[in-house]
Structures are given as C-alpha cells and as structure tokens.
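**Q** structure for the following, please:
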Amino acid sequence: MIGALEAVMLSLFLGLQMACTGSVASDVEPDSEAVDSEDSPVDSSTDTGELIDSDQDGFAASQDCDDGDPSIFPGATEVCDGVDQNCDGQVDEGVPNDGAGCQDASPPDWTGDVDIVHVTLQIKDVGYAGTDDGQTEVCLSEGDCFPLKKPDWNDLERGVYDVYVSEGQGLKRSGLNQVTLRTGDGSDRMEPACLQVSLDGQPAHCRALDFYMGSDNDDELATWSDPDGLTWSCESSCWGKGLSHGPTLGTVDADGATIWYRTDATRRVEVFVGRDDAALSRVHVSYPSAADDFAEQLRIGGLGADQSWRYAIDVDGVRQGIWDLKSAPETGGLRFAFGSCSKYDEQPVWDAISAWEPDLFIFAGDNHYANSSDLGALRQHYRWGLEIENRGSFLQETPTLATWDDHDFTGNNTDGTEAGKDVALRVFHEYQPNGGGALESTPGVFSEHRYGDVAFFLLDVRYHRGLDGSMLGEQQELWLLDAMQSSTATFKFVVSGSQYAQVGNQGKEDSWYDFSDSWTRLRQAIVDNKIDGVLLLTGDIHRSEFRLLDPVSGGYGLPELTSSPLASSHSGCRDDDGQKDCSDGDDYFVGVSVETQGTPQVTASIYRWDGQLQHSWEIPLSELQVAP
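**A** Purely as a prediction, here's the structure:
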C-alpha cells in the first residue's frame, strides 16, 4: 500500500512540475523538419524524462525551430526581419515586407575617387530670372569645370530645378576644393536661387543664392565663388526636403505594390507600411545610388488581396509624408483610365482623371517629348512630368503602368536602329515603376500585369521595330502570343503606343498597318488559339477615337480604343467606315469600366479635359469570342 501511494504522489508531483515549467506533454508529435539543429538540443528530454524548453516559450525543443529565442515558436506572430518566427518554413509571409528581410542598410563608402558628379541649380521664379544661352558652368577646382547645358532641354529657365550629371570622371577628392559659378561674355542675365553638389551621391555642398549673374550690367556677377569653398556637407536641400520627386505608385498585384521615389542625393531612406498611421512599421532601408539618379523602386509584398494600407517615407530621419495604397483583388473587374501625348506644362486633364477615381492609370506613350537620346535630357523630362503638381499628386496614390512611343523613346517616328535606344531604356527603367521587363534575355519595356480578372500586355513598339521586318521583334512577339494564350483573364488589353488602323495615322508610315505581317500574325494567333476577350489600347494621334478593326477569317472584330492627347496639340477626326466615335480639338482621356461578373462587359468612354463625357461604347464579352 505504501509503495503504491508513493507512486501516485510522485506522479502528481511530476505533473505539477511540468505544468509550472511550461513543458509540453510527451505525446505531442515533434516536427523534426522544423527543429534547428544548431540552436536546439538533439536530446529533447532530460534523464528524468522531462521535455526541454530552454527559452520557456511553451514549446519543447523537439517542436520549436529555435529553442534559444522565446519569440520564435509554432504559431508566433510573423514580423519582417528575415527570420521564420512561426516555424512554418517561410520567412516574412503574411506581413508587409520588401522581400529582403526588411534589413537595415549600411551607408556607402565615400573614400575613393569621384566617378559621378551631380549639380542642381535652381532658378528663381520671378521676372526674367531664366536664361538658355548655354554659357554657365560650375567649377570644383581650377581644372574641373562642368557645363550647365543639356541638349534637347531649355536650361536654366525661370522657376526650374535643373540637374546636370557627369559620369566616368575619376576625380581625386583631395583636389576638389571650390564651388564657383561663372558665365561667359555677353551672357543673359539670370537669378539663381540655390546650388547643390553631390559627388558619387555624397551631399557635398548646398547653398541658397541671391544675386544676378551675367556680364552686361554693373549689378551682375560673371563669376561667383563660395567663400567657404567645397564644404563636403549638405544637411538641407535645394528641393526643400530630401525627397525631390514622388513617391509614385507603380504596378500592383494581389499581394503587393511597387513604390517609386527619388531623393536629392544619396541619403538614408526608410519606408513604412501599416493599416493606419498609428500602425506604421518599417519595411525597408536603403541609400539611393547616384548611378540611378537617386531614383529607386521598391516592391512591398505581404499586403494581401484587395487591402487598403498607408505608407510613409523618411529621408535622413525626417518624415516626407503619408499616403494611401491598395493592393489588387484576386478576382473581379476594375475602372482604369489611360492616355498619351503629354507635352504642355499646364495639364488640367489630371483633375478630371483624379475625379473619375480610377483603380489604375496607363501611360500609352509620348509621356514626355524629350525627342532625345541624351541621358541628362531624358531624366530631366521624366522629372518635369512629376513636377506638374496635379499630375504628381495623382500618381502618389494611384497605381500606374506605362509603355513608350516615339517622342519619349528617342525622337519622332524612330525605330530599333536608333543608337541611343539603350540610354532611353536605362532612364525608362529608372523612372517608371512597371516592376521590370517580361524577359530578362530580351531588352525592352514590354510587360504583363494582372488586376483581378483583367490582364494588361504592355508592348514595346520601338526598341525592336523594323530590325527583322516586324513590329515587335521575334522574342517579344513570341512572348506576347504565349502570354495571351496562357492567360485566364476574362478581358485582355493589349497596349501599344502606335495605332493599328491605317487611317488613324493621317498617312504617316508609323503604325501596325505598315507591318502587315506582324498585324496578321497577331490576329491569326487569336483565332488559332481561341483567345477571347482581346481589346487594343493605343495613343499617338492627338485625337481620341473608337474603332472596330476587321478580323481574319473565323475571328471577331477587335475594338481599338485610342486616347490622345493628355496635353498637346490636336489633329482632326477622319470620316471612314471603321471609326465608331471620335473627339478632336481638345485634350482628352479614356475611362474604361470592366465588369467580369454576371454578364461580362467593357464600357469605354471618352472624356474631355474638364470631365465632360463625349462618347461611350459598351462591348460585351459575347462579341469578343472566337467561333467554335
């Protein structure tokens, strides 16, 4: 009797001890794959049979993937830090993340020779403050001077921030000791407001200015030198803040969104995301590079489908602002707007687009008119577009996609033979957050995007054009046909900067019609592969119109929706059988409502710059189907 009683008491004592220590019952099956062999004991029990829980988190070493960290155990809350908190074999899943563990970043090393020089000169927004005579330069030593002149851009105009970049310099830092502005004989008068210099991104000098430069009058300075020399520091900015441009939202998907921004120099950037302002959590740290003109795009994942968030950006610890973003849904339709041909400084059409509240905006080409292959000129034109106030603010909270046409490629009616096309491609990828190209092996700006039950195929009709007698080049064409065939989207929008219709080009040889074999292969592939729901989006022609293009045998008529211009000159409508509706003589955008549930249908509408409806076209899916 005594032996039995002692056995019962011992059993009760051990049970109480296990409850107090948080040990787990031995009949729970351990997940051997989740055990971290470096941090957890191989033997998960003591000599007395008690299970080991070294970090006292309630999970034995046989179940815990890190028994040395009480914040890591099965079912723990995941945070973005590159660590698997919940022991499911995944990292940073289900929480906003930058795909790299939300790690801190080390500042760059600025001890070597200077390769890239950035000079920013702001001109006052008063009177006749500006000039474009091309005679101004800045010197950082007696022998190291840099002209403040870009081709294909009106330099140093009133109220403008001009940025000048010189690459491949190989300058010795010890030899850079001055900041001198000077101009030539007979130069026009100008009034600089601020001068800023960065060397390989290092903020090296910034100074507010208040004098006249020129050589014709007594109150003008032909040369000005900073009495402090090159200061090798710049805590402020000519832009008034560290974030010179943006942010803008790029492509979005059912779990993430792409954010783009540009700083004035290489500074510490921190990006925060949260459900509301009080819940903002840091997801990314970086130092934008001088090689990319301080422009950076970041995809934030872990947002979930069709979810609303807030995001914020700090530069050198200073909050730049807080904005809204929303991920795409997994299913359903959307409202999107698109347009092309953006040339003028005043662009009131963006107020109407914003009021229409699209889920997405698509730039369909001629998004600026640099007409240049010069690196500095192309970058300046992209910055110019973001500096248009109503356009820039719209892009901060509305996702955008973009392709190009001729004027924002290298020039009017240019093609794949252009020597400067790689420079244009470099700058496009620096400034447009499409999220990268579709094929790593084939350069260009073509890409595929999915929003709910809708797919967008953005084409590059310039980079490869004409090289093999086709519009797209062999690899891009194969990609397009394969992507369309494999797509499960209800509607498939193919976006081209150039029109398909012959008469839409006013006799110019600059359309798909001039590459008849490419045009025929596209239409034939739609029939052969029974690809339903295809519509064409185009720009270029400085008027907005709707057309129904003839199919090949067995196919269906392809709707062509053309949106142009957003802010440029105008061309007249043409009277022909293929044209359904047309608006000319003003600035326009096209809004498209896509319904994929019930009776799937697309409703396209042409709106004038002030939001006045011009034309609408309802296109049911039943009219976009290949015959059985």
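**Q** packing partners of the helix or strand harbouring Tyr311?
**A** Assigning secondary structure by DSSP states H and E places Tyr311 in strand 308-315. In this structure, strand 308-315 makes packing contacts with strand 243-252, strand 257-263, strand 269-274, strand 318-326, judged by 3 or more Cβ pairs under 8 Å, 6 or more residues apart in numbering; DSSP states H and E. Just so you know, the C-beta spots here come from the backbone N, C-alpha and C atoms, and that holds for glycine as well.
**Q** now find how far off-centre the third one is within its chain.
**A** The chain centre lies 16 Å from the centre of strand 269-274; the measure is Cα atoms, centre = their mean, to the nearest Å.
**Q** in which helix or strand does Trp350 reside?
**A** Counting by DSSP H and E, Trp350 is part of helix 349-356.
**Q** tell me how the chain divides into domains.
**A** As given by automatic domain parsing, the domain ranges for the chain are 1-76, 117-225, 243-326, 334-623.
**Q** can you put those in JSON lines and add distance to Asp88 and mean pLDDT?
**A** Below are the domains of the chain laid out as JSON lines (distance: least, Cβ to Cβ, whole Å; pLDDT from 0 to 100):
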{"stretch": "domain 1-76", "distance to Asp88": "8", "mean pLDDT": "58"}
{"stretch": "domain 117-225", "distance to Asp88": "40", "mean pLDDT": "92"}
{"stretch": "domain 243-326", "distance to Asp88": "14", "mean pLDDT": "97"}
{"stretch": "domain 334-623", "distance to Asp88": "26", "mean pLDDT": "95"}
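**Q** any chance you could map the strands in the stretch 501-628 of the chain?
**A** Assigned by DSSP state E, counting those that start in this stretch, the strands in the stretch 501-628 of the chain fall at 534-538, 544-549, 558-562, 579-583, 588-595, 601-608, 613-620.
**Q** can you redo the ones you listed as CSV with distance to Phe73 and mean neighbour count?
**A** Putting the strands of the stretch 501-628 of the chain into CSV (distance: least, Cβ to Cβ, whole Å; neighbours: other Cβ atoms under 10 Å) gives the following:
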stretch, distance to Phe73, mean neighbour count
strand 534-538, 51, 24
strand 544-549, 59, 23
strand 558-562, 55, 23
strand 579-583, 63, 17
strand 588-595, 45, 24
strand 601-608, 50, 21
strand 613-620, 54, 15
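**Q** the closest residue to Phe515 other than its chain neighbours: how many residues sit nearby?
**A** Closest residue to Phe515 apart from its sequence neighbours, by Cβ to Cβ, 6 or more residues apart in numbering: Met471 at 4.1 Å. Taking other Cβ atoms under 10 Å as the criterion, the count of residues near Met471 is 29.
**Q** what ranges does the stretch 401-550 of the chain have for its helices?
**A** 421-431, 474-486, 516-528 (DSSP state H, counting those that start in this stretch).
**Q** quick one, which of the ones you listed is packed in tightest?
**A** helix 421-431 (a mean of 21; mean count of other Cβ atoms under 10 Å).
**Q** just to revisit the earlier point, buried sites along the strand holding Tyr311?
**A** For strand 308-315, burial by neighbour count (16 or more other Cβ atoms under 10 Å) applies to Trp309, Arg310, Tyr311, Ala312, Ile313, Asp314, Val315.
**Q** returning to that earlier point: output the contacting helices and strands for the helix holding Trp350.
**A** Contact here means 3+ Cβ pairs under 8 Å, 6+ apart; on that basis helix 349-356 packs against strand 334-339, helix 389-397, strand 588-595, strand 601-608.
**Q** make TSV from these and add distance to Gln502 to it.
**A** TSV is the format used below for the helices and strands packed on helix 349-356 (distance: least, Cβ to Cβ, whole Å):
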stretch	distance to Gln502
strand 334-339	22
helix 389-397	32
strand 588-595	21
strand 601-608	21
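**Q** and Leu439, which of the ones you listed is closest to it?
**A** Closest of the helices and strands packed on helix 349-356 to Leu439 is strand 334-339, at 23.6 Å (criterion: Cβ to Cβ).
**Q** run me through the strand neighbours of the closest one, direction for each.
**A** Note on strand 334-339: by DSSP bridges, its sheet partners are strand 360-364 (parallel), strand 588-595 (antiparallel).
**Q** could you count how many residues lie near Asp132?
**A** Count around Asp132 with other Cβ under 10 Å applied: 14.
**Q** now do Leu181
**A** A count of neighbours around Leu181, defined by other Cβ under 10 Å, yields 22.
**Q** contacts for stretch 165-182, please.
**A** Residues outside stretch 165-182 that contact it (Cβ atoms under 8 Å, 6 or more residues apart in numbering): 111-119, 121, 136-142, 144, 146, 192, 195, 197, 199, 204-205, 207, 213, 222-226, 229-230, 293, 375-376, 379.
**Q** give the buried subset of these as a ChimeraX selection command.
**A** A single ChimeraX command is used to select the members of these judged buried by 16+ other Cβ under 10 Å:
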select :114,116,117,118,119,121,136,137,138,139,140,144,146,192,195,197,199,204,205,207,213,224,226,230,293,375,376,379
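**Q** just checking, which of the contacts of stretch 165-182 belong to strands?
**A** Residues of these located in strands (DSSP state E): 117-119, 121, 137-139, 146, 192, 195, 197, 199, 204-205, 207, 213, 223-225.
**Q** how close does the residue nearest in space to the middle of the chain get to Ala370?
**A** The chain has Pro433 as the residue nearest its centroid, 1.6 Å off, counting by Cα atoms, centre = their mean. For Pro433, the distance to Ala370 equals 19 Å [Cβ to Cβ, to the nearest Å].
**Q** and what of Gln320?
**A** Per Cβ to Cβ, Gln320 is found 27 Å from Ala370.
**Q** got it, and Pro399?
**A** In this view, Pro399 and Ala370 are 24 Å apart by Cβ to Cβ.
**Q** related to what we said a few turns ago, distance to Gly533 added to the strands paired with strand 334-339, as TSV?
**A** Shown next, in TSV, are the strands paired with strand 334-339 (distance: least, Cβ to Cβ, whole Å):
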stretch	distance to Gly533
strand 360-364	17
strand 588-595	10
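**Q** so which of the ones you listed gets nearest Gly186?
**A** Of these, nearest to Gly186 by Cβ to Cβ is strand 360-364, at 41.5 Å.
**Q** contacts for that closest one?
**A** Residues from elsewhere that reach strand 360-364 (Cβ under 8 Å, 6+ apart): 252, 334-340, 342, 353, 394-395, 398-403, 405, 432, 451, 456, 458, 495-497, 537-540, 563-564.
**Q** buried subset of those, written for PyMOL?
**A** Here is the PyMOL selection string for the buried members of those, based on 16+ other Cβ under 10 Å:
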select buried, resi 252+334+336+337+338+339+340+342+353+394+395+398+399+400+401+402+403+405+432+451+456+458+495+496+497+537+538+539+540+563+564
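**Q** mind checking which of the domains of the chain is nearest Gly94?
**A** Evaluated over the domains of the chain, closeness to Gly94 peaks at domain 243-326, with 5.8 Å, by Cβ to Cβ.
**Q** in this structure Tyr382 contacts Tyr369, no?
**A** No: with contact defined as Cβ atoms under 8 Å, Tyr382 does not count as touching Tyr369 (11.7 Å).
**Q** these two: who's more crowded?
**A** Ranked by neighbour count (other Cβ under 10 Å), Tyr382 and Tyr369 place Tyr382 first, with 22 against 19.
**Q** in a strand, the more buried one, correct?
**A** No: Tyr382 sits outside any strand when classified using DSSP: H, G, I helix; E, B strand; the rest coil, being helix.
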